[in-house]
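> quick check, what structure comes out for this input:
(chains A, B and C)
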Amino acid sequence: MYRILVYIGAALLLLGAFAFGVSLWEGPTAWHTDVRTFWGIPISLFVLWIGLAHAGTLISAIFLALGYPLGRRTSMVAELSTLCSLAVAALFPLVHLGIIEKFYMVVPFLDARGNFSNLRSPLVWDFCCISVYGLVSLLFFATHLFSEKFPDLKKLIRPMAWLLFPLVLWVHTIVSLDFAVTFVPQWRGAFFPLYFIAGAIYSGLALVIILLTAEHCRVRVLEKLMLGLSWFMAFFWLWEFLLKGSFSFEVVFLGAVVPQLMWLRVIRENAFGRLLVAFSVLVSLGLERYILVTPSEYNAAEYFSCTDLGLVSFSLGLFTTLFFVFRAKFSSLLEGEDVVMGEIVLQQDESDKESEKISIPEKNDFSILRLPLLLGVLVTLLYVVWAVSVENANLAPLSVVNVAPLCLPLLVLVASFTLCARPLWGISGKRVKLVCAVLAGILGCLAGAFWAGGSSDVSSGVVSVQEVDSPKTVEFIWSSRCASCHGQDGKFNEKFVREFYPLPQKLTPVRLDTLGEDSLVKVILDGRVNMNPYRGRVSEEEARGLVRYMRHLAGEGE
Amino acid sequence: MDRREFIKACSVVALMQVLWGCRRLPDLSGGKVPEIAEFEKEVRLALSRAKGAFDLVQVPMPGPLDVHGASPVNRFGMAIDLDACDGCGKCILACMQENNIPLSSKGERDAGRFMHWIEMHGGTPAMCFHCGNAPCEKVCPTGAASHTPDGLSTMMYKRCTGSRFCGANCPVGARKFNYVDSVKEGLARKFNPEVPLRSKGVMEKCSLCLQRLQDHKHAQMATRPGVEWRGSGLKTACSEACPKNAIIFGNWLDQESPLVQEAKHRNLYVPREIANLDPSVVYMRGRR
Amino acid sequence: MDAILNALYCLMALGTSMFLWRRPVSIFKEMGILALSLVVFGLFSYLTMDLAEPTLEYMPFRMLALCICFSTTSLTSHKTRYLVLSQVLWLWVEFFGGLTFVYHGLDMPWTRIVAIGAGAFGGAFLSHISREMEFLLMVYWIAVWMFF
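Numbers count the residues shown, from 1 in each chain, chains lettered A, B, ... in the order given. Next up, the predicted model:
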């Protein structure tokens, strides 16, 4: 079963790999864009997959945090799907960049040349939130996965769930801000955070329902939740229509009407019926994302090119392959062949909330969270104070509002790593330790290299920058280097110049103009008949300044 | 192998060699440079595909900038006289030559995109309005789009990662993205040695002829030290090229500037979308 | 905005909160009520508010958040936790809504945000919530809604 799914995924991946390569090679012309649409399909796919990545944490962490833990298999499947869709989602913003290798400029970290990314931009928040979300989700997954073998880890799960709970909502809020803060009329909306979160959870639930169907089980709560969320989505679409007049029949039909089929027993109790509804939700949300990202008057979906379809296929294939490969890998890693990823093997229709409830000690659960949280708050405060106070000549000073979106991810990152570092380090084997140490070393080196900055040579193709700012400097160079022959006032030092033969011509304004600025700069740098070359002692910019100063002196002499 | 076969084989080899020699070698040098006539042709094409007119609203005269570290004496801008302008498009060509703007490839033209920094919107030229409170600068993740103290919204090409967020957030669509490598495609021509050619994957837009401002400033600093620089006597390429003198460049904070002298007696307008963003480039219409 | 209209919005939120968490609690019933009240809030604010007013964009969601806040007082278990969470939801709506307005040139409603934040923070320390306390909290929320 899984093998077939992996093959299907790999086939889709191969089909799409070509489109992916073309997109990397060609850049943003590869997919459909137009006068108003600068982004196109990669950002739509990014928003869709980052939304799907919320399923895992929602289902696992939020339910666990609120004291309604789901079956281990359900939550593990959901968490794994989070990681895989996050990996897919993270690819697309990179592909979409005009100059991919410069993505690191988005990191909000000061380098040696004083370059600091613009913290007012939602893209910077986005980058940070998603990286943190990926790291913390990985940590949560690892803790959850190994908690069977090492009971020590069990007490970490609930505190971790509480850390992830706000983070997951925060991440999608920030993604929505990418759109909501802009001046594009179709993207205006203070309600976008909630709209995006609802859409993300909705599509995430659909994905988990599909994945659970592949596991031959179902969780009723999730189906009920999905149906309930479909009403909320219907309201959001109504609200969009009321405010902006934008409406898409396909989206509303597939996303709000088709799910109501779950009321029918025939559909609800049939695996194919559930699959139909879940896929319809996914298609609707994908289409909705695409329409949102493409603010054109016409229906952009009709202009789908091969590359656009290829990228969709690539994302689907990559997710399917990643998910089922890891799924198979971990099921063999853990216990026997049959007991997959956990202790509870769900029967069909058995998984009601009450029956699954696992008693987890409520008291004294969170005392281990105190120190990491304190540390996180401290680091966050330090960062905020530092970022707000960084002097940046190019950018306006930051306000707290600009830094606020980074606070929670930073806090959660520090807190969760302090929380899990020691227990995880204790249980990991030598090889894992080695890999971790090497990775940490590489990361440190990278940060150091970034801090030090690259070479500051002026790149070819860029005009040389003239930096004769202060007239004082030019005057000083003139009197120290030129005045001995040319005189302080630009007229020749008669006593000295008389020695030369033929007698040098007077530098009148007319003569200076006929010679031209560039050739005079050359004369200063390379010398001429009686004139010594000054290259190395005088820079090109200074020479240019000197020529202008010379003209100024000659003009005054008239 | 008999003789006949040998000759056959030889002729096949010879034929192959001839074919190999005749193949069109790909031009790796990228040395093709377009003729000026091609630029003129493209401007005519762009004029025939003018975009819709702006919805204009009246605004007061731009005052001092409200941004970090703004200069109290200089704020450069332009005013476009809608009564004088007849939409001839000479400014577009002058701008292309001053700023080394490349031609657009066929695919780009079909998508309705030109690299021109000046475009016709319903018969009136429009470029970047250099908003004092520019939305594009707020969303640029790397700070490549930033403001000068003199009121110019500038681009640092080397710092641009091409996320195109600024383009999406510009209410009037003044920002142009380099979708293709114009040098390699033979679409770019370096008319002006003082302006770099932009690489593939970066954003660009009207710079208000930044290079002219810089040169003017440095020349004055070298030749007339101690005199405060107000940019008097300077013109952008488009304002120089306008046969009707409909584009007036100047310093909004200098009462002697031709811009202020003219704008004082006129009604000023800007597109509705950016009316609240304190633009430095405005339209003039009617006398007051 | 009109003070009377504002009071009306608050009353609507209070009214719909009465239907929530009635026993027996079921996912469908609560979600249905919430979605329905959202529709009512949306239509009502759309009809009564000026379309050019930007705060219209998140009005129904603010009302929903307030409604959820009110409804937590009728919970039987985990009251403190949900009290804090619902106020955090309200804070969330206000803060991120305000953040988008900041980028469009409006001011952040700082007093309101600080007031809700203080409510959420203070609520976390309530171990037992008496009837009087519930009443006080509701008055506090109404005051925040009406005056900040």
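
> span of stretch A:244-259 from start to end?
End-to-end distance for stretch A:244-259, by CA to CA, to the nearest Å: 25 Å.

> is any part of it close to chain C?
No: with CB under 8 Å from any CB of the partner chain as the criterion, chain C is not reached by stretch A:244-259; the gap is at least 9.9 Å. Every C-beta, even on glycine, is put in place using the N, C-alpha and C of the backbone.

> off-centre distance for that stretch?
Centre-to-centre, stretch A:244-259 and its host chain are 29 Å apart (CA atoms, centre = their mean, to the nearest Å).

> what residues sit buried inside it?
A:248, A:251-252, A:254-256, A:258-259 (16 or more other CB atoms under 10 Å in any protein chain shown).

> now swap in stretch A:124-131 and tell me
Counting neighbours by 16+ other CB under 10 Å, one finds that the buried residues in stretch A:124-131 are A:124-130.

> nearest to chain B, of the buried residues of stretch A:244-259?
A:Ser248 (20.3 Å; CB to the nearest CB).

> does that closest one really touch A:Leu287, like I thought?
Yes: if you go by CB atoms under 8 Å, A:Ser248 and A:Leu287 touch, sitting 7.1 Å apart.

> quick one on the thing from earlier: so which of the buried residues of stretch A:244-259 belong to helices?
A:251-252 (DSSP state H).

> which of the buried residues of stretch A:244-259 sit farthest apart?
Taking CB to CB, the two most distant members of those are A:Ser248 and A:Pro259; they sit 16.2 Å apart.

> any idea which helix or strand comes after the biggest helix by length in chain C?
Determined from DSSP H, the single longest helix within chain C is helix C:79-103. Sequence-wise, the next helix or strand downstream of helix C:79-103 (DSSP states H and E) is helix C:110-123.

> leaving out chain neighbours, which residue sits closest to the residue of the stretch 151-288 of chain B found nearest chain A?
In the stretch 151-288 of chain B, the residue that lies nearest chain A is B:Gly162 (1.7 Å; CB to the nearest CB). Nearest non-adjacent residue to B:Gly162, counting by CB to CB, 6 or more residues apart in numbering or on different chains: A:Gly98, 1.7 Å away.

> you'd agree the one you found is in a strand?
No: counting by DSSP: H, G, I helix; E, B strand; the rest coil, one finds A:Gly98 to be coil, located in no strand.

> chain center to the helix or strand containing C:Phe28, what's the gap?
Per DSSP H and E, C:Phe28 falls inside helix C:27-48. On the basis of CA atoms, centre = their mean, helix C:27-48 sits 13 Å off its chain's mean C-alpha point.

> burial count for A:Arg528?
Residues lying near A:Arg528 (other CB atoms under 10 Å in any protein chain shown) number 12.

> what's the pLDDT at it?
If you check A:Arg528, the pLDDT there is 79.

> how about A:Gly536?
pLDDT for A:Gly536: 79.

> residues near residue 26, how many?
Unless you meant another one, I'm taking chain A. 14.

> you looked at the wrong chain, it should be chain C
C:Ser26, neighbours per other CB under 10 Å, totals 10.

> burial count for residue 61?
I went with chain A, as the question did not name one. By the criterion of other CB under 10 Å, A:Ala61 has 29 neighbours.

> chain C was what I was after
27.

> surely it is in contact with A:Phe191?
Yes: taking CB under 8 Å as the contact criterion, C:Phe61 and A:Phe191 are neighbours in contact, 5.2 Å apart.

> find the residues that touch each one of these two.
C:Gly97 (CB atoms under 8 Å, 6 or more residues apart in numbering or on different chains).

> can you list the weak-confidence ranges in chain C?
Scanning chain C for pLDDT under 70 picks out C:1.

> residue numbers of it in contact with chain A?
By CB under 8 Å from any CB, the residues of chain C that approach chain A are C:27-28, C:31-32, C:34-35, C:38-39, C:42, C:46, C:54-58, C:60-61, C:78, C:92-93, C:95-104, C:108.

> same thing but at 6 Å, please
C:27, C:31, C:35, C:38-39, C:42, C:46, C:57-58, C:61, C:96-97, C:100, C:102-103 (CB under 6 Å from any CB of the partner chain).

> pull out the buried residues from those.
Applying 16+ other CB under 10 Å to the residues of chain C next to chain A flags C:31, C:35, C:38-39, C:42, C:46, C:57-58, C:61, C:96-97, C:100, C:102-103 as buried.

> the bottom helix or strand of chain A by mean pLDDT?
helix A:353-356 (a mean of 38; mean pLDDT, DSSP states H and E).

> after it, which helix or strand is next?
Beyond helix A:353-356 toward the C-terminal end (DSSP H and E), the next one is helix A:370-389.

> ok, C:Met31 - contacts?
A:Gly228 (CB atoms under 6 Å, 6 or more residues apart in numbering or on different chains).

> thinking again about what came up before, what's the longest helix of chain C packed up against?
Judged by 3 or more CB pairs under 6 Å, 6 or more residues apart in numbering or on different chains; DSSP states H and E, the packing partners of helix C:79-103 are helix C:59-72, helix C:110-123.

> which strand residues bridge the residue nearest to B:Ala134 when sequence neighbours are not counted?
Distances taken as CB to CB, 6+ apart put B:Ser153 closest to B:Ala134, at 5.0 Å, once the chain neighbours are dropped. For B:Ser153, the beta-bridge partners under DSSP bridges are B:His147.

> if I look at B:Ser153, how far off is chain C?
17 Å (CB to the nearest CB, to the nearest Å).

> and that residue, how many residues sit next to it?
Counted with other CB under 10 Å, residues neighbouring B:Ser153 total 26.

> show me what contacts it?
B:130, B:134, B:147.

> export the residues you listed to CSV and tack on neighbour count and pLDDT?
What follows is the contacts of B:Ser153, written out as CSV (neighbours: other CB atoms under 10 Å in any protein chain shown; pLDDT from 0 to 100):
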residue, neighbour count, pLDDT
B:His130, 29, 93
B:Ala134, 25, 90
B:His147, 23, 88
